Structure formats: C-alpha cells, structure tokens
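[1] Please work out how this folds:
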Amino acid sequence: MNPKELDDAPAAVSSKIQSAFALEREAHRFRGEGKIDQAFQTFDQAAKLFQEAGEHLKAAVCFASAATCWNIHTGWQPLRNAATRNEFAAVQALAAKDFAYAETLFSEAALLYEKEGDYTKYSYCYVRAKDSRLVRLWGALTHRRSGTSAAINLTEVSLGDRVRAFSSFSLSALNRGVWGYGEMPFQALALGAVVIVASALCYYFSGAVLVGGLVQKIGIPESFYMSVITYTTVGYGDYLPLGWIRAVAAVEALSGVFITPLFLIALARRYLRM
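    Next up, the predicted model:
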C-alpha cells in the first residue's frame, strides 16, 4: 500500500497498517542484532495486524519471516512454530491470489510438519500446495496472472507454452480427482464404486448380455455381479457383453486396473506412516 492509499484508508485500518509497518521494521532490526526470539514475536504481531487490515500479501511475507526466524531458533518445538507460520503465510498468499507463493509456502509447511511427525497437517498442506499449483496452471491457460511474483508475462504465452500448461493442468486435475495426489485413498475407492454402479446400470438397461448361449436382459443383482467381475478383471465368462456395452466393459476393466492399485498405494502412504 502506497502513502496516498494509506491516507485514504479508514482511520482504524490506517492505524493498524502503520503499526504493522513499524513492527516489521523493528523485527528486521531484532533479526539483524541476532535477537531471534524477539524478531519472531514481532514479525508474528505485524503479520496479524496486516491480516486484520486486509493486507494479505504483507501478512504472508511477515508470517514467512516469522517462520524463518523460528527455524533459526533452537528451543521447544522449533519445527511446529515454523510450520504453522508457513501455513498462515500460505493462507494469506492465497487471499492475495499469489498462488505461486502459496504453493511454495504450503510445501515448506508440509515438509516441516512431516519432520515434526504431524502427518495429518502434512497431508493437508501437501494437498493445498498441489491445489495452488493447479490454480496457477489454470491461470496460465486462461491468460490470467497467478500473483504479483509470476515469473512469466502471461499475456505473451506462446502456443507451445499453452500446450505444456494444458498437459500439466490436465494431469494435475486427473491426479487430484482420482486420488487426491495420493493423500485421499477413499476418494479413489468412491470413484471405483461410481464406475461399478454406472457400468451395472448400463448392463441392466442394454438387454444385450449373452448368458448360457442366449441374448437376454439380466436383472439388477446379475448386472452388479457382472460389473464387479469386470471391474476386478476376473472375467468368469458366464456373462458376456454384446454390442455397445462391450465398450463399457472395456472402459470399466481398464478403470479397475488403474484405480485399484492407486487406492492401495494411497492407503499405504497415508496410514502406514502412523
């Protein structure tokens, strides 16, 4: 915020911003003098004032500076305090729509939470970091800036860059939707259940299933049985799809081949840590 904007702001907000700037200057002085504890506390106070005043990017910078100070500090729970301040900074960066900065801060917070042994917060920050990247890629596709620290002028993106951005966005969106970047195993399980139910309905309404040498319409229980054995690629051969539902069966079998291992990997990643 420049001086003119500061003068035009409401008195209460202007007062908070001026106090926050003063605290930030004092925190830098403490850090330069090697007074890391005081610097951490002062940066933290400044960040909260900036947050209350709606200056989200400045709040993010101050929270990140507090995290850096606490990384230097050697005391009780050094990693947790740094991790929480990085997380707070990332939330403020999101509010300021600086998604590249938010991605970096969430990633740093995730690493610190992992070292601290808090895997629930690690998973949360890891997913938020990936989501920030996804939004940043979407901004590249739609020719919008992802934040003030963007490295590329998105108004001059070449066709090749847009194709690469589209590929990265598509893969990231698929990664998010299928199994939550490997952190949401039951999302993959739910997706598998949706595929089984949708395929079973196709088999039921098609009336084109070969059973014992005869083409007939099968009931709901038989449709679900056929769907499950197709999804798991067991394929006993007692129910055979005909016509257009052969394509449905092929897609379902491929889905089972890919989704089931992802569910097991995500389950192991998330819960074997504990």
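[2] Below-threshold pLDDT in the stretch 51-200 of the chain: ranges please.
    Scanning the stretch 51-200 of the chain for pLDDT under 70 picks out 73-78, 143-157.
[3] show me where it has helices.
    Ranges of helices in the stretch 51-200 of the chain, per DSSP state H, counting those that start in this stretch, are 56-72, 78-95, 99-116, 119-141, 159-179, 185-206.
[4] quick one: which of those is nearest Ser223?
    Smallest distance to Ser223 across the helices of the stretch 51-200 of the chain (Cβ to Cβ): 4.0 Å, for helix 185-206. In short, each C-beta sits where N, CA and C put it, glycine included.
[5] name the helices or strands packed onto the helix or strand following the closest one?
    Using DSSP states H and E, the helix or strand that directly follows helix 185-206 along the chain is strand 209-211. Counting contacts by 3 or more Cβ pairs under 8 Å, 6 or more residues apart in numbering; DSSP states H and E, strand 209-211 packs against strand 240-241.
[6] next helix or strand past the strand it packs on?
    From strand 240-241, the next helix or strand downstream (DSSP H and E) is helix 245-271.
[7] So which elements touch that following helix?
    Going by 3+ Cβ pairs under 8 Å, 6+ apart, helix 245-271 lies up against helix 159-179, helix 185-206, helix 220-231.
[8] so how many other residues sit close to the closest residue to Tyr204 other than its chain neighbours?
    Closest residue to Tyr204 apart from its sequence neighbours, by Cβ to Cβ, 6 or more residues apart in numbering: Ser223 at 4.0 Å. Neighbourhood size, Ser223 [other Cβ atoms under 10 Å]: 22.
[9] likewise Ile17?
    Neighbour tally, Ile17, other Cβ under 10 Å: 21.
[10] On the secondary structure side, give me the element for it.
    Applying DSSP H and E as the criterion places Ile17 in helix 11-32.
[11] tell me which residues of that helix are tucked away?
    Residues of helix 11-32 classed as buried by neighbour count (16 or more other Cβ atoms under 10 Å): 14, 16-17, 20-21, 23-24, 26-27, 30-31.
[12] Check stretch 198-208 too.
    Neighbour count says stretch 198-208 has 199-200, 202-204, 206, 208 buried, by 16+ other Cβ under 10 Å.
[13] hmm, back to that, got the buried residues of helix 11-32 as CSV, with pLDDT and distance to Leu264 columns?
    Listed next are the buried residues of helix 11-32 as CSV, based on pLDDT from 0 to 100; distance: Cβ to Cβ, whole Å:
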residue, pLDDT, distance to Leu264
Ser14, 89, 56
Lys16, 91, 51
Ile17, 93, 52
Ala20, 93, 49
Phe21, 94, 52
Leu23, 94, 50
Glu24, 94, 49
Glu26, 94, 53
Ala27, 94, 48
Phe30, 91, 50
Arg31, 89, 47
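[14] can you put the residues you listed in a markdown table and add distance to Arg133?
    Converted to a markdown table, these look like this (distance: Cβ to Cβ, whole Å):
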| residue | distance to Arg133 |
| --- | --- |
| Ser14 | 36 |
| Lys16 | 32 |
| Ile17 | 31 |
| Ala20 | 29 |
| Phe21 | 31 |
| Leu23 | 32 |
| Glu24 | 29 |
| Glu26 | 35 |
| Ala27 | 30 |
| Phe30 | 34 |
| Arg31 | 30 |
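[15] could the helices of the stretch 51-200 of the chain go into TSV alongside distance to Ala47?
    Below are the helices of the stretch 51-200 of the chain laid out as TSV (distance: least, Cβ to Cβ, whole Å):
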stretch	distance to Ala47
helix 56-72	3
helix 78-95	7
helix 99-116	12
helix 119-141	18
helix 159-179	29
helix 185-206	33
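[16] Please name whichever of the ones you listed is nearest to Leu49.
    helix 56-72 (8.2 Å).
[17] other SSEs contacting that closest one?
    Looks like helix 56-72 contacts helix 11-32, helix 36-52, helix 78-95, helix 99-116 (3+ Cβ pairs under 8 Å, 6+ apart).
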